[in-house]
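> Show me the folded form of this:
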Amino acid sequence: MRSVFVNLEAPQFLAGWRPDAGTLFLPALSESRVGEEVAVRVGIYGQPIRATLFGTVALVRRVGRPALPPGVELSLDRTSLAAAGFLAAASRGETVSFRERAPRYAAERPLTLVHGRTRFAASTLNLSEGGCALRWSGQLPLVGDMLTFRLGRGFFAPSAQAVICWNQPGGPVERSVGLRVLAQGRAAKAWRALVAEVARSGARAT
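Okay, here's the model as predicted:
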């Protein structure tokens, strides 16, 4: 999955956003290929809101002109549509209260991760149905990096993939990253069961 940070002027975002079609044109990533999955961290100049949008490249314009700059059109994931809508509202100058992630529960749970060729243990800071935040030791991964983790113990425990949504240096010791869980089938059920167990435990919701 390719990742990129993009800061746009408000008129740029509004010109590229097609809410009915669920598509967004970005004057970036023109080296991408149609069908490629991307994670884009989007900011609007003059606004505090930032959002990570996920989608698939639907169109690539490698050569452009002032009225039609090079870039890509993304077909956004369903889960990214609300975030894009909040960015559009902020671009129009509306006052918005934006929560990029689903309600999450503050809880520590151990996870065994595989990032590249490295296998290591980590613990969550919080969890939600969409993902989690983790304490991270060592060099921080890049936004858009993929990793896998196992849900439960035993040889037949399901494994899930996740993508890094954000990273936070925090300080010389404490580092953290945010994961969007990309689970299906048994892994998706296992992740939802884990979050439900944390919710029933009385963990603080934020």
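> which ones are touching residue 61?
The neighbours of residue 61, taking Cβ atoms under 8 Å, 6 or more residues apart in numbering as the test, are 30, 68, 69, 70, 71, 72. For glycine as for every other residue, the C-beta is placed from the backbone atoms N, C-alpha and C.
> meant to ask about residue 164
3, 141, 142, 143, 144, 145, 146, 147, 177, 178, 179.
> Which strand residues bridge it?
residue 179 (DSSP bridges).
> Closest one to residue 60 out of the contacts of residue 61, please.
Nearest to residue 60 among the contacts of residue 61 is residue 72, at 5.3 Å by Cβ to Cβ.
> host element of residue 152?
Secondary structure assignment for residue 152, by DSSP states H and E: no helix or strand.
> What backbone torsions are found at it?
phi 100, psi 180 (degrees, to the nearest 10).
> Please name the residues that touch the closest residue to it other than its chain neighbours.
The shortest distance from residue 152 to any non-neighbouring residue, by Cβ to Cβ, 6 or more residues apart in numbering, is to residue 190 (6.0 Å). Residue 190 makes contacts with 151, 152, 157, 158, 160, 183, as judged by Cβ under 8 Å, 6+ apart.
> Now for the fifth one, how many residues are close by?
What that stands for is residue 160. By other Cβ atoms under 10 Å, 21 other residues sit near residue 160.
> that older thread, so which helix or strand takes in the residue nearest to residue 152?
Element membership for residue 190 (DSSP H and E) is helix 185-200.
> which parts of that helix are buried?
187, 188, 190, 191, 194, 195, 198, 199 (16 or more other Cβ atoms under 10 Å).
> Switch those over to a markdown table; also include pLDDT and distance to residue 59.
Shown next, in a markdown table, are these (pLDDT from 0 to 100; distance: Cβ to Cβ, whole Å):
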| residue | pLDDT | distance to residue 59 |
| --- | --- | --- |
| 187 | 86 | 32 |
| 188 | 87 | 30 |
| 190 | 88 | 37 |
| 191 | 89 | 33 |
| 194 | 89 | 38 |
| 195 | 89 | 36 |
| 198 | 89 | 41 |
| 199 | 87 | 41 |
